[in-house]
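Model the following, please.
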Amino acid sequence: MGGLAPVAYAKQMAAAYDFQDIEQRWRERWERDGLAVARPDANREKYYVLEMLPYPSGDLHVGHAKNYTIGDAIARSMRMLGYNVLHPMGWDAFGLPAENAAIQRGIAPAAWTLSNIANMQRQLRLMGTSYDWSREIATCTPEYYRWNQWLFLRLYERGLAYKREAPVNWCPKDATVLANEQVIDGRCWRCDTPVQRRNLSQWFLRITEYADRLLDGLERLDGWPERTRTMQRNWIGKSEGAQFSFAIDGAEERIEVFTTRVDTVYGVTFLALAPEHPVVACIKGLVPSESARAIDAFAESLRSKSELERTSLMEKQGLFTGAYAIHPLSGARVPIWVTNYVLAEYGTGAVMGVPAHDERDFDFARKHALPIARVIVPTGSSLAADAPIAEAFVEDGTLVGSGAFDSMQSAEARRAIAAELARRGVGTATTNYRLRDWLVSRQRYWGTPIPIVYCDACGEVPVPDDQLPILLPPDAPITGEGSPLARLPSFIETRCPKCGAPARRESDTMDTFFESSWYYLRYLDPRNERAPWAREAADAWMNVDQYIGGSEHAVLHLLYSRFFYKFFHDCGWVSGSDEPFARLFHQGMLLANGEKMSKSRGNVVGIDETAERNGVDAMRLFLLYVTPPEDTSDWTDEGINGRVRFVNRVWRACEPLAARARSADVRALPVCTTPDEKALVRAVHLAARSLVEETMSRRFHYNTTIARLDETINALTSAVSASPDAAATLYAVHAVPLLLAPFAPHIADELWSRYGYERSVHLEAALAPQEAALALDEITLVVQVNGKVRARIACAPSISESEAFALAEAEPAVRAYLDGKELRKRFYVPGKLVNFVVG
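Here you go, the predicted structure:
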């Protein structure tokens, strides 16, 4: 033999795997060669894979790396499977943390943000990710936010952007608006001042115009997790019901309510109003001054409470106003209460209280000794209307105590009562939505300036396109008190675009969800100076084939992006489907010692230290191997060390045979002369099949593929020790880089290069699994009697059911449990199992 004897091979194994040198060298070459740059290619099907763009907070840890590693493994796999892959990256770069850094550290938001971007980009490159960096964007640059402003103006022109008063969380000390998460126990997170609810004039986007389309579109998104679709359905909250009004005793005004259970209207024993409801002012004029002051005091006590506190966290509280409403059907007087759990901005700001048939109303009525009137009984029940009520009955049933509608079933009664309210001119059947218009105003500096000016003569005036972008001034005073832009005359003072008279700029900036709702289109045409993107680019690449990101974005970001894309579709700027993301994948969280990684816990595992100590390929393999990608997993030293050992085993098995690997054609099966050689080749093709199946099925359970690679390297390690010259051994050595490339890209390219290839392994076609390699010469049939294993029998894979039963019955170890017993049933699982049930 002219090859290596086992002893000679063993002596050649001394070369250590220098992962630091090799990984850095290949990253530099991929960058130099533009390996991941996406170009038009009519001969290949496009595949747009995208991870949600990150906020540049400063440092990435291995928990963040999980998301990007999954996306990169998909992108590399799809390239090798013949697709023209677009895999870009950018930065969601506006936001409050940059202003906080300016206040706490004296660093300008732009400088802080750009420094963080530079560091995080370095870390993402360090991870060996195959991003097309030529398409990189940062939403804080004028080149990007110019188009935020342009899109806002298009929404404004179509009546989808408008301004109105809305309640906000207001810190009187800092003179600034706070997000809900910045209100802690009713106090400002920064200065601990009690927070007030205050009405401010705010900009909104009319997303409610798209409510039905957003809801209907979910039915077509079968590539999305069902839980996410359900969350969006619930957020939109479409409900069919009736809207009608109660007169106020002694006043002209009326109180509008909406209900999905108008069949319970005769059970109304009180009305609950938000203290901020406009009709409260009228009510205070009807009642004694003492009652009016009590109403004001109750409203004041809620000014510092957030929506979440009022609707979910606080005990349900209320105050009888002293006024009464008139029931629209029965004419009964109904007491009017103000409560903490009804919000002016939800629905009509008023709720009809039906304690016998609503659990929240029942609890409230019991607490305040309000009447409870049963008007629905279970169908077929003999329960009397005046029988004691121990709990609310919330199901449909038969009406009682409901005048002309007695004995009707709930569904029929809902139609009949709605019709009667309409006949009387006080109500109508209607559809309501939980979804509210999107508030996009922020009293912040670090965001996109809203392109509107205010002129005493012309009113509200949009800024012309040729004056965009309205730039953020670099010298705005950021103190945390009030709006920085509002206090800067050089920014606020301008000229009216219509008449040229002195005017004032809008000082609010846009919600950061605005720019993240369309960034996926800017990647397609990032240097376009005439439009946010060209229609041809959208036609070529949209929709996003696979979107990847955390389930915490299941509602707002994804819903806003869908709204924007439907608007773009209506404008003719995109074609095809009006949904931006064909498929959605939520990665699971990575914990450390069972806890979320955070600096405060001291359990952060950094990317830099992991890359330096263990190598990037080992880190990527661990992140993909430890659990299925959608599951929560735990970072462990044992786990990462196991992947380090795996990388070294790959190197020791393949590198000594690098010079002769190409002598075995990796696209043609080798001649196998022993069972071990057949098993080795089969292991190679099991891994190849797993790679293809996990990618093309869109499950992405690459943990199973890497487990197959473990089996392959185990078999290969034995083979190179026993028979390094065998065709099967050289074939497996040749195939390993093709199998490893999506997961451990550096060692894969290093081995491929040492095999004598000049072109990167990542430009090669994936190894196609071959049935001839996967076929078994024999299988093991498990034989059970009454569910207990009694024998294992080797047989041909093609064995029939009758042959399997005959073979099993002839086995002595099985016969001993069958003789003398009644055979009741027998089962056969083809190629796997025979089970006899005896008695």
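
going forward, measure contacts and count neighbours with C-alpha atoms only.
Fine.

my guess is residue 48 contacts residue 86, does it?
Yes. Between residue 48 and residue 86 there is a contact under CA atoms under 8 Å: 4.7 Å.

show me what contacts residue 571?
With contact set as CA atoms under 8 Å, 6 or more residues apart in numbering, residue 571 has no partners.

So for it, what's the pLDDT?
Listed pLDDT for residue 571 reads 98.

Next: residue 822.
93.

Report the contact partners of it.
The neighbours of residue 822, taking CA under 8 Å, 6+ apart as the test, are 838, 839.

Relative to residue 813, how far out is it?
Separation of residue 822 from residue 813 (CA to CA, to the nearest Å): 17 Å.

ok, for residue 310, nearest residue in space, not its chain neighbours?
residue 341 (5.2 Å; CA to CA, 6 or more residues apart in numbering).

isn't the one you found right next to residue 319, touching?
No. Taking contacts as CA under 8 Å, residue 341 lies outside contact range of residue 319: 11.8 Å.

Between those two, tell me which one has more neighbours.
The neighbour comparison of residue 341 against residue 319 (other CA atoms under 10 Å) goes to residue 341, with 24 against 19.

tell me the contacts of that one?
Residue 341 neighbours (CA under 8 Å, 6+ apart): 274, 310, 311, 316, 317.

now do residue 627
633, 703.

so residue 119 sits in a helix?
Yes. According to DSSP: H, G, I helix; E, B strand; the rest coil, residue 119 belongs to a helix.

and it, how many neighbours?
16.

cool, and residue 787?
11.

Give me the nearest residue to it, chain neighbours excluded.
residue 835 (6.6 Å).

Can you read off the pLDDT for that neighbour?
96.

Is it correct that it falls within a strand?
Yes. Counting by three-state DSSP, residue 835 is part of a strand.

in the sheet, who's paired with it?
On the basis of DSSP bridges, residue 835 is bridged to residue 784, residue 827.

Around it, how many other residues sit close by?
Residues near residue 835, counting by other CA under 10 Å: 21.

what about it, distance to residue 821?
15 Å.

ok, residue 754 touching residue 659?
Yes. Using CA under 8 Å, residue 754 is in contact with residue 659, at 7.0 Å.

Of those two, give the one with the bigger neighbour count.
The residue with more neighbours, out of residue 754 and residue 659, is residue 754; 17 against 12, by other CA under 10 Å.

how about the nearest residue to the more buried one, chain neighbours excluded?
residue 658 is the one closest to residue 754 (CA to CA, 6+ apart), at 5.7 Å.

ok, the one you found - contacts?
Taking CA under 8 Å, 6+ apart as the test, what residue 658 contacts is 733, 751, 754, 755.

Grab the two from those that are most spread out in space.
The largest separation in the contacts of residue 658, counting by CA to CA, is between 733 and 754 at 11.6 Å.

May I ask which helix or strand of the chain has the lowest mean pLDDT?
Using mean pLDDT, DSSP states H and E, the weakest-scoring helix or strand in the chain turns out to be helix 6-11, at a mean of 44.

After it, which helix or strand is next? Please name it.
Using DSSP states H and E, the helix or strand that follows helix 6-11 in sequence is helix 19-33.

what packs against that following helix?
Counting contacts by 3 or more CA pairs under 8 Å, 6 or more residues apart in numbering; DSSP states H and E, helix 19-33 is packed against helix 109-126, helix 745-754.

Turn these into JSON lines, columns for mean pLDDT and distance to residue 161.
Listed next are the helices and strands packed on helix 19-33 as JSON lines, based on pLDDT from 0 to 100; distance: least, CA to CA, whole Å:
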{"stretch": "helix 109-126", "mean pLDDT": "96", "distance to residue 161": "28"}
{"stretch": "helix 745-754", "mean pLDDT": "98", "distance to residue 161": "47"}
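
if you count what's nearby, which of residue 48 and residue 86 comes out ahead?
Set residue 48 next to residue 86 and count neighbours by other CA under 10 Å: residue 86 wins out with 26 against 23.
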